[in-house]
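1. When you get a sec, could you give me coordinates for this:
(2 chains)
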Amino acid sequence: MDVLKIATAGSVDDGKSTLIGRILYDTKSLTSDKLEAIEKTSKSKGYDYLDFSLATDGLVAEREQGITIDVAHIYFSTAKKSYIIADTPGHVEYTRNMVTGASTSQAAIILIDARKGVIEQTNRHFFINNLLRIKDVVVAINKMDLVDYSEETYNAIKADFQELMAKRDYQDQKITFIPVSALKGDNVVNKTDKTPWYTGPTLLEHFEALDRKDIFNVGTPRFPVQYVIRPKTEDFHDFRGFAGKVYGGELSVGDEVVALPSQTKSKIKEIYFHDKKYQTASRRSSVTITLEDEINISRGDMLVKVDEMPTIEKQFTATISWMDSNKLTTGKKYVVQHGVNKVLAKVDNIHHKINPDYSGIDTDVDGLGMNDIAQVTFKLNKPIFYDKFKDHRTNGSFILIDTQTNSTVGAGFIS
Amino acid sequence: MSQDTSHINALENEAIYIFREVAAQFERPVLLFSGGKDSITLVRLAQKAFWPAKIPFPLMHIDTGHNFPETIEFRDRLVEELGLELIVRNVQDSIDQGKVKEESGRYSSRNSLQTTTLLDAIEEFKFDACVGGARRDEEKARAKERIFSVRDDFGQWDERNQRPELFDMLNGQIELGQNVRVFPISNWTELDVWSYIKEEEIEIPSIYFAHKRKVFLRDGLIWSHSDYVYQEDDEEVLERMVRFRTVGDMSCTAAVFSDATDIESVVEEIRDSSISERGARIDDKRSEAAMEKRKQQGYF
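-> Below is the predicted model:
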């Protein structure tokens, strides 16, 4: 495995930026000019410690407010792996950013302030990471230095969090607790002698040990066709290659496949990556596939194995994360982008809103506002080929596009 | 025939996926080519994305006239070898037309003037997608840039109102007059790019390798001695072994002292380096928020 993307979540003062800054500092990923800038700014603000949060806070407006407001990406690598941290804000109104950051991540960190314990925000962060079915989650109990590295405090918070875990929908999610102090650098990259009662890995050690099987769910292979390559040159006169990315599983030369929506059968003739032929296209590789038979396939179509058909329907019910200031209401029309396929959709029924803090559902709904999460049924103008999100993270998810503004206004997870 | 494709880097798969989305979702895409290592890497990735077909869009270079001559020679050779279409638009023309004014003095550069020439060219050719080699690790403001980043009629970036990007799905729907900036190597680091150049044996301009050059020192940076770079009388010209980590204009790109004359030693040097790549970009040093301000105005 080469790249691991980690979503971070925490409330405004949990020290999330400090934690990321600490990771960068202890892995020697901060370059001398960046470190110098941090030292200079920390000094001018009158701090007697290094304000690592300055390593990550991006835009001017944010720097002025002193809080992060969007998804920022931070990069570092060890000898073993390249890491991308999606730094997403933790306050209530930014559910949309957390969902966005989590959607492309394979692991997550939930930060808890040891002085405050599990708060409403913690519930939200956990809810979203669980909704997005992130397989590996670390609960980092931070600011241990401010509670005298107390094992009792740590255990009490852990017990509170475990109560929350009982309510989760995705029970197979792996959760690891680690006591840390981002400010002092305890158990972040390096082990500390301040918590002799804790024998587990440090935060970085935990991520270093993750394997492909720890972060990816195995599903059925799906091949959405992005683009048809027809060179029409002398050497490749009859070449018709279907370019796309393989999701969920593998496809091999000789596999019997069905093209959707036409339901025409054929066999995989060749698999190319650039100009080289391969026997098998591994999951998440961007390949070009040719078929034994000449069948009509265009962008948005999908190749699947004959005995592994997805659901083909003109309607579905999904959990929606709404991301726009204009309300979603019954009867409204949107473009559903499902992978690379687009269809027109109409809101048929908003069943209920789901409170993302595990406090239950709300059935009296007249529309969805920014950051709402709800169960919604859509009717489509033509069928799509989908799996349930719990079975297939890629083929079970979609985005909603506003037909007027062209903005991405929501994300959906098919139930 | 090799066994499977699992050895292929996730970043390479992602970049190829993005290129295919560009070709499928837009009418008139263009690849912005600076002659630098990042845009050369983009060309290689685009070749891979569409093989055995040719890259289905042209390259465009916004030429400040202050480029390193090595870069221009390299550009012309690459385009010819690969049979690509190249469009060149000149900052000098924008100056002659009175649209922009040449800067003067100690820190003068044509770097920020490029924006006007670029926006004019986008309008002239009605480009709806401009692919660039910017990376999120380069600079703090870039860390929040999307892969598909929508610009309005004035080329402006509204960082507060960006489209969320979920899973692999890229939303390229725009109105007439708008365009999208696309960054296929967003998630690559400087070391990733160099390692890729090494593995793929991609040819890059000679100025990326250590060579003897006439330079002078100012503000702790190494400046090229050239007609295009303002130099005080008391700034002494030295001849030193240097190389460049980024290739912008001669007036905004500082060199680093180096003995790395081949790709292996460059990769080694980057691995050990304690100065960030943009630390040698004079245009960023102007102020901490320099990049963000330029981006809002339509800079690439």
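
2. Let me see the confidence value for A:Phe385.
-> Here, the pLDDT recorded for A:Phe385 equals 97.

3. Which helix or strand contains it?
-> Following DSSP states H and E, the helix or strand that holds A:Phe385 is strand A:373-386.

4. Tell me which strands the helix or strand following that strand pairs with, and in which orientation.
-> On the C-terminal side of strand A:373-386, the closest following helix or strand by DSSP H and E is strand A:397-402. Listed by DSSP bridges, the sheet partners of strand A:397-402 and their directions read strand A:333-338 (antiparallel), strand A:408-414 (antiparallel).

5. what sits up against the last one?
-> Strand A:408-414 is contacted from outside by A:99-100, A:103, A:131-132, A:316-324, A:326, A:328, A:334, A:336, A:368, A:376, A:386-389, A:396-402, B:163-166, B:171, using Cβ atoms under 8 Å, 6 or more residues apart in numbering or on different chains. Quick note: C-beta positions are derived from backbone N, CA and C, even for glycine.

6. Let me know which of the strands paired with strand A:397-402 is tucked in deepest.
-> Mean neighbour count, computed with mean count of other Cβ atoms under 10 Å in any protein chain shown, is highest for strand A:408-414 among those, reaching a mean of 25.

7. for the strands paired with strand A:397-402, which one sits closest to B:Ala24?
-> strand A:333-338 (12.4 Å; Cβ to Cβ).

8. Would you mind getting the angle between that closest one and strand A:373-386?
-> Between the direction of strand A:333-338 and that of strand A:373-386, the angle (axes from the mean of the first three to the mean of the last three Cα atoms, to 10 degrees) works out to 60 degrees.

9. Residues touching strand A:333-338, excluding its own?
-> Defining contact as Cβ under 8 Å, 6+ apart, one finds that strand A:333-338 is touched by A:328, A:342-347, A:378, A:380, A:384, A:386, A:395, A:397-403, A:409-410, A:412, B:169, B:171, B:173.

10. from those residues, which would you call buried?
-> Among the contacts of strand A:333-338, those buried by neighbour count (16 or more other Cβ atoms under 10 Å in any protein chain shown) are A:328, A:342-343, A:345, A:347, A:378, A:380, A:384, A:386, A:395, A:397-402, A:409-410, A:412, B:169, B:171, B:173.

11. Look up phi and psi at A:Thr41.
-> Note on A:Thr41: backbone dihedrals following degrees, to the nearest 10 are phi -70, psi -40.

12. I figured it hits A:Leu50, correct?
-> No. Checked against Cβ atoms under 8 Å, the pair A:Thr41 and A:Leu50 is beyond contact range at 9.6 Å.

13. higher neighbour count, the two?
-> In terms of neighbours (other Cβ atoms under 10 Å in any protein chain shown), A:Leu50 is the more surrounded of A:Thr41 and A:Leu50; the figures are 20 against 15.

14. Can you tell me the SS state at that one?
-> Under the three-state scheme (DSSP: H, G, I helix; E, B strand; the rest coil), the conformation of A:Leu50 reads as coil.

15. returning to what we had before: just send the strands paired with strand A:397-402 back as JSON lines, with mean pLDDT and distance to B:Ile202 too.
-> Converted to JSON lines, the strands paired with strand A:397-402 look like this (pLDDT from 0 to 100; distance: least, Cβ to Cβ, whole Å):
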{"stretch": "strand A:333-338", "mean pLDDT": "98", "distance to B:Ile202": "34"}
{"stretch": "strand A:408-414", "mean pLDDT": "97", "distance to B:Ile202": "34"}
